[in-house]
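>>> Sequence below, structure please.
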Amino acid sequence: MHTQDRVATATQEDSAEDVNTMKVGMIGWEFPPFLSGGLGVHCYELTHCLANLGVQLDFFMPAIGKKLDVGHPNLRIFQVAETDLSPYLEVGGGLGRHMVKNAYFTDLFEAVRIYNDECFEFVSQFDRVEHYDFIHCHDWLTFQAGMRLKRELGKKLIVTVHSTEYDRNTCPDERILAIEKLGVAAADMVITVSKRMKALLMSRFAMPPGRIRVIYNGVDYNKFLNRETAKANGYGELKARNLRGKKVVLFLGRLTEQKGPMQFLHAAKVVLEKQDALFVVAGKGNMLPLLINLAINLGINNRVMFLGFVPEEEQRKIYAMADVYIMPSVSEPFGITALEAMASGTPVILSKEAGVSEIVKNALKVDFWDINGLAAKILGVLRYEVLANHMSRLELEEVKKFTWADTADKTRMVYSEMLG
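So this is what the prediction gives:
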């Protein structure tokens, strides 16, 4: 169906709309089930909560070949251009891998170009009927469409920066950095997910603080099973039977340098010299072969389990079965998984580099490079049940404050501020 026909079909029943309602054209790259991390979770939760607040949203995303039932009259999802590429692949080391990286990024930039061009056409056509108050874009993958919509249609542009190339790679791609810098410079307002990220935008991107708003991520507390509920549902017995009563130390995230899986395994080596446990690595990424080899070289491969990609429903079970959750990120703008583990009642140990550490009080915190310090904290939680139970109770209570509804309400306040 042509863009014009899809616009007509989508809007033919909207003639009785409230002229005072905020209307937002939002462009993202990830939306469940097409997601690789926190960006997709954020877009899903934010759009639904904004819709609950009365904001009318059209969300544009890559095509996934299936219709999505959003279940809310204020929210519509439009699939624009098909791609199966993940934007967060990291390839490094050796000439062969360098060639793979170059080929991959050639494909990625072409996919991003096509997506942004088609988003511009779609949103332009829809705007003739909807008259969007804002264009709201998420991360560099959508900034080119947003900048063009502002330039050619005169639309106000809001961008949310979830992470930058400085966070994702020790050797940032200059082309991505250029898009990020142009996008935030063109934006009328920039939203970011932590004070840490705000400081980075000010220092590395020369952003004036008056055009940056910090809005933290949240968590849907009711989606997660806490450990007591899990035991009542048999997961405690399942763990005891399958893991032979071993304590479980969990890492869940993309297997990239940014997330600190190397630090996790080096800490595991220190812990396992003093305490038996099972270290579980859940997630996929280009570092998987390296991490498997590291576990073998460290002599701990028989006590490390690599699960690969874990679906959302299974993640909830794993959180509840874990005795402690570790987020050892080298660089982490926020870290939604920490809140998810807290909502499961699982004691959490955080890197001080994570943005979520700015708001969480009852998790243990450690410098990402301090392997012995991380190992000592893991041992403390595993050995002292009183400590683990105390952390669990406090975190379960604390995490209730961090809601997506609050994230959406603060985002709507930014929209209102932009409307004057």
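>>> tell me the domain boundaries of the chain?
3-218+404-419, 221-401 (automatic domain parsing).
>>> give the contact list for the residue nearest to residue 395 when sequence neighbours are not counted.
When the adjacent residues along the chain are set aside, residue 395 lies closest to residue 342, with 4.1 Å between them (CB to CB, 6 or more residues apart in numbering). Every residue, glycine included, has its C-beta placed from N, CA and C. Applying CB atoms under 8 Å, 6 or more residues apart in numbering, we find residue 342 in contact with 219, 348, 360, 362, 363, 395, 396, 398, 399.
>>> how does it look with 6 Å?
Neighbouring residues of residue 342 by CB atoms under 6 Å, 6 or more residues apart in numbering: 348, 395, 399.
>>> again with residue 138
28, 160.
>>> And it, how far from residue 59?
10 Å (CB to CB, to the nearest Å).
>>> cool, and residue 73?
14 Å.
>>> List the ones among the contacts of residue 342 that fall in strands.
When DSSP state E is applied, the contacts of residue 342 are split such that residue 348 fall in strands.
>>> Going by neighbour count, which of the contacts of residue 342 comes out on top?
With neighbours taken as other CB atoms under 10 Å, the top of those is residue 348, carrying 29 neighbours.
>>> Based on its surroundings, how many neighbours for the nearest residue to that residue once chain neighbours are set aside?
Among residues not flanking residue 348 along the chain, residue 363 sits closest, at 4.0 Å (CB to CB, 6+ apart). Residues near residue 363, counting by other CB under 10 Å, number 23.
>>> which among the contacts of residue 342 gets closest to residue 52?
The closest of the contacts of residue 342 to residue 52 turns out to be residue 399 (CB to CB; 20.4 Å).
>>> from what I can see that closest one touches residue 345, true?
No: look at residue 399 against residue 345 with CB atoms under 6 Å: they stay out of range, at 9.2 Å.
>>> Show me what residue 354 is bridged to.
Legend: beta-bridge partners of residue 354 under DSSP bridges are residue 332.
>>> my guess is it meets residue 331, correct?
No: applying CB under 6 Å as the test, residue 354 and residue 331 come out as separate, 8.7 Å apart.
>>> more crowded one of these two?
Ranked by neighbour count (other CB under 10 Å), residue 354 and residue 331 place residue 354 first, with 26 against 22.
>>> picking up where we left off before, tell me the one of the contacts of residue 342 nearest residue 68?
Nearest to residue 68 among the contacts of residue 342, with distances taken as CB to CB, is residue 399, at 27.9 Å.
>>> Distance check, the closest one against residue 328.
20 Å.
>>> and if you look at residue 340?
Distance from residue 340 to residue 328, by CB to CB: 16 Å.
>>> quick one, strands of the stretch 151-300 of the chain?
In the stretch 151-300 of the chain, the strands defined using DSSP state E, counting those that start in this stretch lie at 156-161, 189-192, 212-214, 248-252, 278-282.
>>> Select, out of the ones you listed, the one closest to residue 46.
Closest among the strands of the stretch 151-300 of the chain, using CB to CB: strand 156-161, at 8.6 Å.
>>> what packs against that closest one?
strand 134-138, strand 189-192 (3 or more CB pairs under 6 Å, 6 or more residues apart in numbering; DSSP states H and E).
>>> if we go to 7 Å?
strand 134-138, helix 143-153, helix 174-186, strand 189-192, helix 404-419 (3 or more CB pairs under 7 Å, 6 or more residues apart in numbering; DSSP states H and E).
>>> How far off centre is that strand?
17 Å (CA atoms, centre = their mean, to the nearest Å).
>>> Need the contact partners of that strand.
Residues from elsewhere that reach strand 156-161 (CB atoms under 7 Å, 6 or more residues apart in numbering): 133-139, 143, 146, 150, 183-184, 186-192, 197, 201, 414, 418.
>>> Least confident secondary structure element in this protein?
helix 3-11 (a mean of 49; mean pLDDT, DSSP states H and E).
>>> Name all residues that make contact with residue 211.
189, 190.
>>> And the pLDDT for it?
For residue 211, the pLDDT comes out at 96.
>>> wait, doesn't residue 325 sit right on residue 348?
Yes: under the criterion of CB atoms under 7 Å, residue 325 makes contact with residue 348 at 5.0 Å.
>>> overlap in contacts of these two?
What both residue 325 and residue 348 touch, as defined by CB under 7 Å, 6+ apart, is the set residue 341.
>>> Identify the residues contacting residue 224.
The contact partners of residue 224, taken as CB under 7 Å, 6+ apart, are 316, 319, 340, 343, 344.
>>> what's the most distant pair in those residues?
Between any two of the contacts of residue 224, the greatest separation by CB to CB is 9.2 Å, found for 316 and 343.
>>> out of the two, which sits in the more crowded spot?
Taking other CB under 10 Å, residue 316 and residue 343 do not tie; residue 343 has more neighbours (24 against 18).
>>> list the contacts for the more buried one?
Shown in contact with residue 343 (CB under 7 Å, 6+ apart): 219, 221, 224, 399.
>>> Residue 325 versus the closest residue to it other than its chain neighbours, what's the distance?
Nearest non-adjacent residue to residue 343, counting by CB to CB, 6+ apart: residue 224, 4.0 Å away. Taking CB to CB as the measure, residue 224 falls 12 Å from residue 325.
>>> and for these two, which residues touch both?
Common contacts of residue 224 and residue 325 (CB under 7 Å, 6+ apart): residue 319.
>>> which residues are contacting stretch 144-154?
With contact meaning CB under 7 Å, 6+ apart, stretch 144-154 is reached by 27, 116, 119-120, 123-124, 127, 135, 137, 155, 157, 159, 179, 182-183, 186.
>>> quick one: buried residues of it?
144, 145, 146, 147, 148, 149, 150 (16 or more other CB atoms under 10 Å).
>>> In TSV: those, plus pLDDT.
Formatted as TSV, these follow (pLDDT from 0 to 100):
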residue	pLDDT
144	96
145	97
146	97
147	98
148	97
149	97
150	97
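>>> now the nearest residue to residue 394 once chain neighbours are set aside: how far from residue 302?
Setting aside the residues directly before and after it, residue 394 is nearest to residue 362 in space (CB to CB, 6+ apart), at 4.0 Å. Separation of residue 362 from residue 302 (CB to CB) stands at 33 Å.
>>> ends of stretch 254-266, how far apart?
This stretch, stretch 254-266, spans 17 Å end to end (CA to CA, to the nearest Å).
>>> tell me which residues in that stretch are buried?
Those would be 254-266, for stretch 254-266 by 16+ other CB under 10 Å.
>>> Which ones among these map onto helices?
261, 262, 263, 264, 265, 266 (DSSP state H).
>>> Assess the claim that the first one and residue 255 are in contact.
Yes: contact criterion CB under 7 Å: residue 261 and residue 255 qualify, at 5.4 Å.
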